[in-house]
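Asks: model the structure of this input:
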Amino acid sequence: MPAFLHAGFLILVLVTVILPAAFVFCGFPATLTLERGFPTNQGVELSELRIRDQARHGRILQSAIGVVDFPVQGSSDPYTVGLYFTRVKLGSPPKEFYVQIDTGSDILWVNCNSCNGCPKSSGLGVELEFFDPSSSSSAAPISCSDEICASVVRTAEAGCSQNSQCSYQFQYGDGSGTAGYYVSDVLYFDTVTGDSLTANSSAPVVFGCSNYQSGDLTKPDRAVDGIIGFGQHGMSVISQLSSRGITPKVFSHCLKGSDKGGGILVLGEIVEPGIVYSPLVPSQPHYNLDLQSIAVNGQPVPIDPEVFATSSNRGTIVDSGTTLAYLAEEAYDPFVTALTVAVSQSVRPFSAKGNQCFLVPNSVSEVFPPVTLNFAGGASMFLKPEDYLLQQGVTDGVAIWCIGFQKVPGQGISILGELVLKDKIFVYDLARQRLGWANYDCSMSVNVSLASGNEKIDAGQLSVSNSSRDALYQLIPIATAAFLLATRCKAVAFVVVTLLISISGYH
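Replies: Numbering: from 1, shown residues only. This next block holds a predicted model:
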């Protein structure tokens, strides 16, 4: 679920997503519009950001295989909300739905016409719709005897209703929930040829038809038509499409750290120079990495490596849907101490509501040291001061900056959220179970590789040229994301997703 944004500073909250791809005709890219709800610039405190992240963590960390559930604290109704959502077309005839991009779940579901508790209006400025299976000639309910239902039941994400429909019920850690039944129907894309002509393409997918909502999901301030999850489970859209050879099983993003947001999201592997990789911790439902040590200005921080070891209540998760970053208490305290000591001669440190803050008369890049996160496989992540600090206002002409990393009491899961991930390329290589990254200007174009075919396509110009090796796609961000598709044909196709950032504020 989304991370929520408050603050006198603007934080880009981008929930990493695998958008549904489509069956495409050989050699044709497809387009899809991606929109983002963005918070206003109203000033809100870090404590409220923590509350919203904790509510999210209750959702993403609650799973059947034992990852710890973070406690939900404080208000569940923050002043502003930040989320990313996309438009998808489902059914015959196609109907358009706004679905929230969720890094912490696997299932695509939309509100159905029989829904109880579903909001009928949205503070995001979008018109809400309801899916009606009886109005779609291509819709088919998934029965309990269907093999797909059996595979989902094994994950405790489905059950059988009295009328033998394959049903689901999700209860999230923040108290919200949804329930409904699974259906199969057609998902549509606009395909784009090399000469900028468009054509329709589609793929059948299984998704949820929700007829009940509770908790935060009933509130209109951040309401959309549903959720699209992109996890590794077999029912996620990326798993459904990649298992049929429609998409590769790798996706990448580059999140712009500017207050206007935006960036690039691709189904494919960004191949820019400097990307380093660390293996994903196996048999985990989320994107867990083996964080081994932290250094401040090149000096190791005295932290027991066992603090980061993955277990039922420890480990490190990469989650672009979390606004801030979180460290287990045994890592947080020495980390904050090391930073404070490093800058104590240049700035005035003080505590504000549990946060370590500083009065900074100069640019933070001139005062604060670089931080290095060292992972398994020899991969290091380099953080600029802006990657671990957040500006909280100004007093007497002097800027107030606070450490954006938050403490997780006792043994807990460390989470690297958008604060850390922005202005970097991230590559989620699910096929090879690794995650890569590199610092990058996300307003620039990127190259995306697919290990087949011989075309090179500029998604901005849609031009085609020959390449002697992999298919390389030059993507122009400004608001553009490209989704690469490997069809079962000999040619290579890809989905170009136009990332339209909608700055939506409300009171």
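Asks: hey, where'd the helices end up in this protein?
Replies: Listed in chain order, the helices of the chain (DSSP state H) span 46-60, 147-153, 237-243, 329-343, 364-367, 418-421.
Asks: lowest average pLDDT across those?
Replies: Ranked by mean pLDDT, those bottom out at helix 46-60, with a mean of 57.
Asks: tell me how far residue 184 lies from residue 264.
Replies: Plainly put, residue 184 is 31 Å away from residue 264 if you go by CB to CB, to the nearest Å. C-betas here are computed from N, CA, C, even on glycine.
Asks: tell me which of the two has more neighbours.
Replies: Higher neighbour count among residue 184 and residue 264: residue 264, with 29 against 16, using other CB atoms under 10 Å.
Asks: that one contacts residue 251, correct?
Replies: No. When contacts are counted by CB atoms under 8 Å, residue 264 is not listed as touching residue 251 (10.8 Å).
Asks: residue 284 contacts residue 312, correct?
Replies: No. Using CB under 8 Å, residue 284 makes no contact with residue 312, being 10.9 Å away.
Asks: show me which of these two is the more surrounded one.
Replies: A count of neighbours by other CB under 10 Å puts residue 284 above the other of residue 284 and residue 312, at 16 against 11.
Asks: not counting sequence-adjacent ones, nearest residue to the more buried one?
Replies: Excluding its sequence neighbours, the residue lying closest to residue 284 (CB to CB, 6 or more residues apart in numbering) is residue 310, at 6.8 Å.
Asks: would you list every one of the strands in the stretch 151-300 of the chain?
Replies: 159-160, 166-171, 177-192, 198-214, 226-229, 250-255, 263-266, 269-270, 276-279, 288-289, 291-296, 299-300 (DSSP state E, counting those that start in this stretch).
Asks: between those strands, which one is closest to residue 135.
Replies: Closest of the strands of the stretch 151-300 of the chain to residue 135 is strand 177-192, at 10.8 Å (criterion: CB to CB).
Asks: specify the angle between that closest one and strand 198-214 in degrees.
Replies: Orientation of strand 177-192 against strand 198-214 (axes from the mean of the first three to the mean of the last three CA atoms, to 10 degrees) gives an angle of 170 degrees.
Asks: tell me what strand 177-192 is packed against?
Replies: Applying 3 or more CB pairs under 8 Å, 6 or more residues apart in numbering; DSSP states H and E, we find strand 177-192 packed against strand 30-37, strand 83-90, strand 108-116, strand 140-141, helix 147-153, strand 166-171, strand 198-214, strand 493-501.
Asks: mind listing the strands the shortest one pairs with, and their directions?
Replies: Meaning strand 140-141. strand 177-192 (antiparallel) (DSSP bridges).
Asks: send over the strand it pairs with as CSV, restricted to the C-alpha atoms.
Replies: Output of strand 177-192 as CSV, limited to C-alpha atoms (Å, rounded to 0.1, in the frame of the first residue of the first chain):
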residue,chain,number,x,y,z
GLY,A,177,-9.4,-5.0,4.4
THR,A,178,-11.0,-6.1,1.2
ALA,A,179,-12.8,-9.3,0.1
GLY,A,180,-14.2,-10.6,-3.2
TYR,A,181,-13.7,-13.3,-5.8
TYR,A,182,-11.3,-14.0,-8.6
VAL,A,183,-12.3,-13.5,-12.3
SER,A,184,-10.5,-13.9,-15.6
ASP,A,185,-10.8,-11.2,-18.2
VAL,A,186,-8.9,-9.2,-20.8
LEU,A,187,-6.4,-6.5,-20.0
TYR,A,188,-5.8,-4.0,-22.8
PHE,A,189,-2.9,-1.9,-24.0
ASP,A,190,-2.3,0.5,-26.8
THR,A,191,0.5,-0.8,-29.0
VAL,A,192,2.8,1.6,-30.8
